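Visitor: following is a predicted model, sequence given first.
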Amino acid sequence: MSGQKINSIFLRTLLALGLALLSGCQKKEEIPFYQMEKHEDSSEVLYIEGVQYSRDWNKGDDEQVYYFNYNDNYVWTPGEGIGKQIGVCGKDVDKDASLKIYEIAGDEERAFLYTWPARFYSGGVEGRLWRQEGVTLNAPTAENVSVVTIVSHEEENTLVKVDDPAMIAGLLEIYNDENIQTATEEDFENSENWMFASLIMHHKEYPFLQYRTGCRYAPEQNILYCEKGKDRKWFAMPQEWVEAISKQ
């Protein structure tokens, strides 16, 4: 075989290998950038594929409805965490204030989105929940909670799961009562008698969202307390809830 033919075969082989390598390399997926608008009332708006999302920094007592971190208390959180990143938003893609945009796991309709700072910065890093236009999300009520579970902190097992509308309504009536009698720290002096747990409310319309607060349970005394919001007050739960746990 002539040297010319050998060189031709060698070059064709290199070309074939190069094409194979190129075809095997996937192009890195580009993350789209979306413009974020801030209005005079401090509300912010984000447009993604023609759909409007908003968040509001000045909600006062209702801030619990729109703000959350992972496993945070007193706010609606994604029960199964966040999904894939779908973009970046901000006033300027090159600014440190830009945010990564994520889907909420289980939210196939993208009723909500989650943002997290794209770069670390000092002064407190936080995540935020965005609502699609027309979507409302209120604090827990008998109308928007479908299931309540109580999960032990120590053993990480479910102590009770309740889907009885009457029991849930009774609990939330007390939970939202501003004049309910609450416990003092003296009631919890003997910590050895108390089991620490979380009370988790599952949203009826958006089952991928949950609202978490604290619980304290004394099996020997048949007493069950629930923590009430950010003011960290404790109230005794209805006896039927204590009985439901004791039957498990």
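Guide: Good, I have the coordinates. Numbering: from 1, shown residues only.

Visitor: for Lys100, helix, strand, or coil?
Guide: strand (DSSP: H, G, I helix; E, B strand; the rest coil).

Visitor: got it, and Glu240?
Guide: helix.

Visitor: which ones are touching it?
Guide: Counting by C-beta atoms under 8 Å, 6 or more residues apart in numbering, Glu240 makes contact with Met167, Gly170. For glycine as for every other residue, the C-beta is placed from the backbone atoms N, C-alpha and C.

Visitor: how close does it sit to Ala105?
Guide: Distance of Glu240 to Ala105, computed by C-beta to C-beta, to the nearest Å: 33 Å.

Visitor: centre of the chain to whichever strand or helix holds Ser54, how far?
Guide: Here Ser54, judged by DSSP states H and E, is contained in strand 51-56. How far strand 51-56 lies from its chain's middle: 17 Å, per C-alpha atoms, centre = their mean, to the nearest Å.

Visitor: quick one: strands adjacent to it?
Guide: Strand 51-56 pairs in its sheet with strand 43-48 (antiparallel), strand 128-132 (antiparallel), by DSSP bridges.

Visitor: following element in sequence after the shortest one, please.
Guide: By that I understand strand 128-132. strand 145-152.

Visitor: could you check how far that next one is from the centre of its chain?
Guide: Its chain's average C-alpha position is 16 Å from that of strand 145-152, according to C-alpha atoms, centre = their mean.

Visitor: isn't Pro165 up against Glu143?
Guide: No. Contact between Pro165 and Glu143 fails when scored by C-beta atoms under 8 Å: they sit 9.8 Å apart.

Visitor: want to try TSV for the strands paired with strand 51-56, with mean neighbour count, mean pLDDT and distance to Ser152 as columns?
Guide: Shown next, in TSV, are these (neighbours: other C-beta atoms under 10 Å; pLDDT from 0 to 100; distance: least, C-beta to C-beta, whole Å):
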stretch	mean neighbour count	mean pLDDT	distance to Ser152
strand 43-48	17	87	39
strand 128-132	19	87	27
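
Visitor: to Ile200, which of these lies closest?
Guide: Closest approach to Ile200 among the strands paired with strand 51-56 (C-beta to C-beta): strand 128-132, 17.0 Å.

Visitor: can I get the strands paired with strand 51-56 in a markdown table including distance to Thr182?
Guide: Below are these laid out as a markdown table (distance: least, C-beta to C-beta, whole Å):
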| stretch | distance to Thr182 |
| --- | --- |
| strand 43-48 | 34 |
| strand 128-132 | 28 |
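
Visitor: please enumerate the helices of this protein.
Guide: Per DSSP state H, the chain carries helices over the ranges 3-24, 165-175, 239-246.

Visitor: the last one - what's its average pLDDT?
Guide: Mean pLDDT, taken over the full extent of helix 239-246, equals 91.

Visitor: what does the second one give?
Guide: Model confidence over helix 165-175, given as mean pLDDT, is 94.

Visitor: need the per-residue pLDDT for Leu11.
Guide: 38.

Visitor: hmm, I was thinking of Tyr225
Guide: pLDDT, read off for Tyr225, is 93.

Visitor: so who does it touch?
Guide: Ala183, Asp187, Cys215, Arg216, Tyr217, Trp234, Phe235, Ala236, Met237.

Visitor: again, 7 Å this time
Guide: By C-beta atoms under 7 Å, 6 or more residues apart in numbering, the residues touching Tyr225 are Ala183, Cys215, Arg216, Trp234, Phe235, Ala236, Met237.

Visitor: tell me which two in these are the farthest apart.
Guide: Maximum pairwise distance among the contacts of Tyr225 (C-beta to C-beta): 12.2 Å, between Ala183 and Cys215.

Visitor: give me the more crowded residue out of the two.
Guide: Cys215 (24 against 16; other C-beta atoms under 10 Å).

Visitor: many thanks, we can stop here.
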